[in-house]
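Enquirer: Quick one, what's the 3D model for this:
(one chain, ligands or ions: 1)
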Amino acid sequence: MHMKNYILLIPFMVIFNTCAQNEPGNSSITDQSEVMDKVIKTEEEWREQLSPLQYKIMRKKGTERPFTGKYYDFFEKGHYECAACGQILFDSNSKFHSGCGWPSFSEPFSNKNLNFHKDTSHGMIRTEVTCSRCDAHLGHIFNDGPPPTGLRYCINSAALKFVPQK
Ligand code: FE
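Expert: A predicted model of the protein is given here:
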């Protein structure tokens, strides 16, 4: 298969893998502990915890305006956590300057910490990225990232919390 086509398939391969793990009867002790670690809150609780912008993005799949977030032009050493539940999502080593106006990463800290969904809203076919622990919307994946992954994880600043390297 042509290399570029193979790269395009990666997010969808992850989706199928995730679906397989969630099939009834396929659970194990490991799966149970992952389920117990889930953060589940009511809409009211999320509204209280998050800022209005964070709530709009993370619970209602909104998008911050480009070039307005605090991390789009920010390149300190450290890692980025989910602003809603604290799960680690990205390392600063994978962050790159894309010029698109949102924080851009070439790979996640771990595929386990993200979930991927086909998003056909706004007349586009995109892959949506959510936090696997609290299901918060984070952003989308595009196929115009740098090697070796060729992917660009385009993430809202408001969905992230930066933690500096010690
Ligand atoms: Fe989260």
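
Enquirer: What ranges in this protein fall below the confidence cut-off?
Expert: Counting by pLDDT under 70, the chain contains low-confidence residues at 1-36.

Enquirer: Strands of that one, residue ranges please.
Expert: Secondary structure of the chain (DSSP state E): strands at 78-82, 88-91, 95-96, 104-105, 114-119, 126-131, 137-142, 152-155, 160-164.

Enquirer: Can you give the distance of the first one from its chain's centre?
Expert: To tie it back to what came earlier, the one meant is strand 78-82. Relative to its chain's centre, strand 78-82 lies at 11 Å (CA atoms, centre = their mean, to the nearest Å).

Enquirer: What count of nearby residues applies to Glu48?
Expert: The number of residues packed near Glu48 is 10, by other CB atoms under 10 Å. To be clear about C-beta, it is placed using only N, CA and C from the backbone, and glycine gets the same treatment.

Enquirer: Can you tell me which of the strands of the chain is most buried?
Expert: Of all those, strand 104-105 has the most neighbours on average by mean count of other CB atoms under 10 Å, namely a mean of 26.

Enquirer: Output the contacting helices and strands for it.
Expert: strand 95-96, strand 152-155 (3 or more CB pairs under 8 Å, 6 or more residues apart in numbering; DSSP states H and E).

Enquirer: can you give me how far the shortest one is from the chain middle?
Expert: When C-alpha coordinates are averaged (CA atoms, centre = their mean), strand 95-96 and its chain have centres 14 Å apart.

Enquirer: Tell me the strands beside it, with direction?
Expert: The strands beside strand 95-96 in its sheet (DSSP bridges) come out as strand 104-105 (antiparallel).

Enquirer: for the ion, what are the nearby residues on the protein?
Expert: Residues of the chain lying close to the ion (CB under 5 Å from the ion) are Cys82, Ala84, Cys85, Gln87, Cys131, Arg133, Cys134, Ala136.

Enquirer: Give the bridge partners for the first one, please.
Expert: What it means is Cys82. Beta-bridge partners of Cys82, as defined by DSSP bridges: Leu160.

Enquirer: Contact partners for it?
Expert: Contact analysis of Cys82 by CB atoms under 8 Å, 6 or more residues apart in numbering lists Leu89, Cys131, Arg133, Cys134, Ala136, Leu138, Ala159, Leu160, Lys161.

Enquirer: Next, count neighbours for the fifth one.
Expert: Neighbour count for Ala136, taken as other CB under 10 Å: 26.

Enquirer: How about the contacts made by the spatially closest residue to it that is not a sequence neighbour?
Expert: For Ala136, ignoring the flanking residues on the chain, the nearest one in space by CB to CB, 6 or more residues apart in numbering is Met58 at 3.9 Å. Neighbour list for Met58: Trp46, Leu50, Ala83, Ala84, Ala136, His137, Leu138, Ala158, Ala159 [criterion: CB under 8 Å, 6+ apart].
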